[in-house]
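Peer 1: Take a look and give me a structure for this.
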Amino acid sequence: MWYELFEELASVFEGDREIEVQAQRELLSAASVAGKTDTGQTKPVGMPESIVEVMAASDAHPICRLIGQLPVKWTPPQTSSDPLYVKHSLAKAHVELMGPTGLVPSDSIRVGLYGMTPGAEYGVRTHPAEEIYIMLAGQVDWMRGNDAYLPHGAGDRSYHPSMLPHANRTGDKAFMSVYVWYGDISTDQYAYSGVPAS
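Peer 2: Have a look, this model is predicted:
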């Protein structure tokens, strides 16, 4: 299952940006290591039903079928211990596949799966790593820099250069995505300022 997941995720990264080229290369390289991963789980735990529903929709990326079977414990990300960040993370489902705390350890890249339930907002943040999200299912609005929020559905990308302020929110639907951090992937300079003023 893990080998198949890493190989299929690699095919999602087909863009020309260096971050996608590196993600594809790293996922393919790590597929055999991932194939030997044993999480100790036998079925998924903690995936919110609203995210399960959008992943089963007809417009969801086919890889969602496999993601829905992952034997992992889905939890909010722990990028920061800031109380506001922790509060705003309760609506998130996350697993780091590659990275310092990933199923496959890496100190050069972070690749993970990240979803959010309906009616939630993950406020403005910045970090040194450049980042890309590729939407796999559902609907999410992304804000980049000073631009207005724009809707994104399955197959759409939101790219964030190093230190670009960005935020996202959901409306009536949940979403699921795959993300990559590349460059300085430490969280030492991660900053979260909360929901932007309307």
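Peer 1: Show me which residues of stretch 134-146 are buried.
Peer 2: 134-144 (16 or more other Cβ atoms under 10 Å). Any C-beta I mention is one placed from the backbone N, CA and C, and that applies to glycine too.
Peer 1: need the contact list for residue 53.
Peer 2: residue 174 (Cβ atoms under 8 Å, 6 or more residues apart in numbering).
Peer 1: That one - that's part of a helix, no?
Peer 2: Yes - assignment of residue 53 by DSSP: H, G, I helix; E, B strand; the rest coil places it within a helix.
Peer 1: Go ahead and confirm residue 132 touches residue 179.
Peer 2: Yes - the criterion here is Cβ atoms under 8 Å, and residue 132 meets it with residue 179 at 6.8 Å.
Peer 1: okay, which residue is most central for this structure?
Peer 2: Centroid check for the chain by Cα atoms, centre = their mean gives residue 114 as the closest residue, at 3.3 Å.
Peer 1: in a strand, that's where it is, yeah?
Peer 2: Yes - membership of residue 114 in a strand is supported by three-state DSSP.
Peer 1: Give the other helices and strands that the helix of greatest length in the chain contacts.
Peer 2: In the chain, taking DSSP state H as the definition, the longest helix is helix 18-34. Applying 3 or more Cβ pairs under 8 Å, 6 or more residues apart in numbering; DSSP states H and E, one finds that helix 18-34 makes contact with helix 2-12, strand 92-99, strand 104-105, strand 109-116, strand 130-144, strand 175-182.
Peer 1: can I get the CA coordinates of the fourth one in CSV?
Peer 2: By that I understand strand 109-116. Taking Å, rounded to 0.1, in the frame of the first residue of the first chain, the C-alpha atoms of strand 109-116 are listed here in CSV:
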residue,chain,number,x,y,z
ILE,A,109,11.9,17.8,2.0
ARG,A,110,8.5,17.6,3.7
VAL,A,111,5.7,15.8,1.9
GLY,A,112,2.3,15.3,3.5
LEU,A,113,-1.4,15.0,3.2
TYR,A,114,-3.5,17.7,4.6
GLY,A,115,-7.3,18.2,4.8
MET,A,116,-9.7,20.5,6.6
